[in-house]
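# this one's structure only:
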């Protein structure tokens, strides 16, 4: 019995050792399989990274540039949104500029249209951002807006007629010459008589102005202008007022023939006129223009006052120069209707750049629109167009040299 027990115990120990050996072998084999699997997975991951790198994919990054939202770089989404916003502004401006006159008198539209040239910057921004963000349709739309803006503003940068050397020499003399076919002219809104009268007289003297048109004059302003010596340079004048408070006027170095209180028959304000004689029997009818401002409650009157000026196209008994505050730019449809196929804007014809005249009294806002104009009949050439700031007014003075050619 003792030997049998020892034999059984020996067999049990042998079985235990065998089991432990098998378990160790199995564990070792499992470990080797896991190691190989991990090695294969790591190799496969490296292979994938190499393939992605060769394809130009920079891989994941914590930087904004390659962070992805919805499968797209976040940077592209941001630039795309900005491109869309800029292009939308450009499109709104283009559409507003092309609206008919009655729709341009809707609330806020006249102000929006007055800033039309500046929306070219929005179109340019939309184009650049659209290309960077790969928004091709947005970029194309922005490009179309930019081309339209370039076409509209092109006349301000390309002269359609030029002054002769004789004219430029004549207006460069020390004193104004009134016996030739040229004249230096000036128009200026004096802001309810608040402009500095001495600066105006000095400007007339220094620029050798022969015809001056002023708007928003008052009786006290005209008296102060006389005291400052305007009569020494422009002794002939015609001033008229429809309400007895604010008026418009013309001053000339030579007699004003057939003066009238209102050449336009305007419902806005009296717009006085007078004829100035030039050499060789040529004469020009000058008119001081001031239309209604498109403020809230007056937008219909604004359009109407411009339509009244536009009727001057049908008056063929004289050649006209209309100078003044039109309260509209060349981008406003009612002003383009004034020009029609007869009249020309001096700044456009001269091609010497955009001439912004308003506002001139805002500390942080520069003049951004040209609402003052010298509008000329056929057979008249303009050049040397410039604006000058005069203290006290919300407008800049607009000056030009006119050359009167044969009809």
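It's in. All figures in this text were calculated on a predicted structure; none of them were measured in a lab. Numbering: from 1, shown residues only.

# return the set of buried residues in whatever helix or strand residue 95 lives in.
Using DSSP states H and E, residue 95 sits within helix 74-97. Buried residues in helix 74-97, counted by 16 or more other CB atoms under 10 Å: 75-76, 79-80, 82-84, 86-87, 89-91, 93-94, 96-97. C-beta: built from backbone N, CA, C; applies to glycine.

# same question, stretch 333-348
So for stretch 333-348, counting by 16+ other CB under 10 Å, buried means 333-339, 342-348.

# show me what contacts residue 348?
Contact criterion CB atoms under 8 Å, 6 or more residues apart in numbering gives 155-156, 160, 330 as the residues in contact with residue 348.

# rewinding a little: which among the buried residues of stretch 333-348 gets closest to residue 296?
Distance from residue 296 was checked for each of the buried residues of stretch 333-348 by CB to CB. The minimum falls on residue 334, at 17.6 Å.

# can you give me the neighbour number for the spatially closest residue to that closest one that is not a sequence neighbour?
If the residues on either side of it in the chain are set aside, residue 334 comes closest to residue 306, at 3.8 Å by CB to CB, 6 or more residues apart in numbering. By the criterion of other CB atoms under 10 Å, residue 306 has 27 neighbours.

# next: residue 203.
For residue 203, the count of nearby residues is 18 (other CB under 10 Å).

# helix or strand: which one has it?
Counting by DSSP H and E, the element that carries residue 203 is helix 197-207.

# which elements pack onto that helix?
Counting contacts by 3 or more CB pairs under 8 Å, 6 or more residues apart in numbering; DSSP states H and E, the secondary-structure elements packed against helix 197-207 are strand 182-189, strand 209-217, helix 219-227, strand 396-404.

# nearest to residue 198, of those?
Comparing the helices and strands packed on helix 197-207 by CB to CB, helix 219-227 comes nearest, at 8.8 Å.

# picking that back up, check what pLDDT the residue nearest to residue 334 gets.
The per-residue pLDDT reported for residue 306 equals 98.

# quick one, strands of the chain?
Per DSSP state E, the chain carries strands over the ranges 68-69, 72-73, 182-189, 209-217, 236-241, 247-252, 257-260, 273-277, 283-290, 320-325, 344-345, 372-376, 380-389, 396-404.

# re earlier: now the residue nearest to residue 334: how far from residue 161?
According to CB to CB, to the nearest Å, residue 306 stands 25 Å off from residue 161.

# cool, residue 289 as well?
Between residue 289 and residue 161 the distance is 22 Å, computed by CB to CB.

# what of residue 180?
Taken as CB to CB, the spacing of residue 180 relative to residue 161 amounts to 18 Å.

# hang on, the earlier thing: which of the buried residues of stretch 333-348 sits closest to residue 192?
residue 335 (23.2 Å).

# return the residues in contact with the residue lying closest to that closest one once chain neighbours are set aside.
Leaving out its chain neighbours, the residue that sits closest to residue 335 by CB to CB, 6+ apart is residue 328, at 4.1 Å. The neighbourhood of residue 328, defined by CB under 8 Å, 6+ apart, consists of 110, 114, 291, 294, 302, 306, 334-335, 371.

# can you rerun that using 7 Å?
The contact partners of residue 328, taken as CB atoms under 7 Å, 6 or more residues apart in numbering, are 306, 334-335, 371.

# pLDDT at it, what is it?
Per-residue confidence (pLDDT) for residue 328: 98.

# what about it, distance to residue 260?
When CB to CB is the yardstick, residue 328 and residue 260 sit 24 Å from each other.

# can you check residue 379 too?
22 Å.

# and the two? Which one has more around it.
Between residue 379 and residue 260, counted using other CB under 10 Å, residue 260 has the larger neighbour count: 18 against 13.

# isn't the more buried one right next to residue 271, touching?
No - because the distance of 9.1 Å does not satisfy CB atoms under 7 Å, residue 260 is recorded as not touching residue 271.

# neighbour count: residue 289 and residue 161, which is higher?
Neighbours were counted for residue 289 and for residue 161 using other CB under 10 Å; residue 289 has more, 31 against 14.

# low-confidence ranges in the protein?
For the chain, the stretches flagged by pLDDT under 70 are 1-72.

# domain ranges for it?
Under the assignment named as automatic domain parsing, the residue ranges that make up the domains of the chain are 1-44, 72-153, 158-404.

# for these, which one ends up most surrounded?
Each of the domains of the chain was given a mean neighbour count from mean count of other CB atoms under 10 Å, and the largest, a mean of 20, is that of domain 158-404.

# now the end-to-end length of that one.
Across domain 158-404, the straight-line distance between its terminal residues is 21 Å, by CA to CA, to the nearest Å.

# same deal with stretch 327-340?
Using CA to CA, the span of stretch 327-340 from its first residue to its last is 17 Å.

# same check, this time on stretch 286-300
One end of stretch 286-300 sits 26 Å from the other (CA to CA).

# and if you look at stretch 315-329?
Terminal-residue distance, stretch 315-329 (CA to CA): 23 Å.

# next: stretch 267-276.
Chord length of stretch 267-276, first to last residue, is 26 Å (CA to CA).

# which residues sit against that stretch?
Residues lying outside stretch 267-276 but in contact with it, judged by CB under 7 Å, 6+ apart, are 211, 238-242, 247-250, 252, 254, 256-264, 283-292, 301, 304-305, 308, 318.

# go on, stretch 108-122?
With contact meaning CB under 7 Å, 6+ apart, stretch 108-122 is reached by 86, 89-90, 93, 96-97, 99, 104, 146, 149, 153, 294, 299, 302, 329, 331-332, 354, 368-369, 371.
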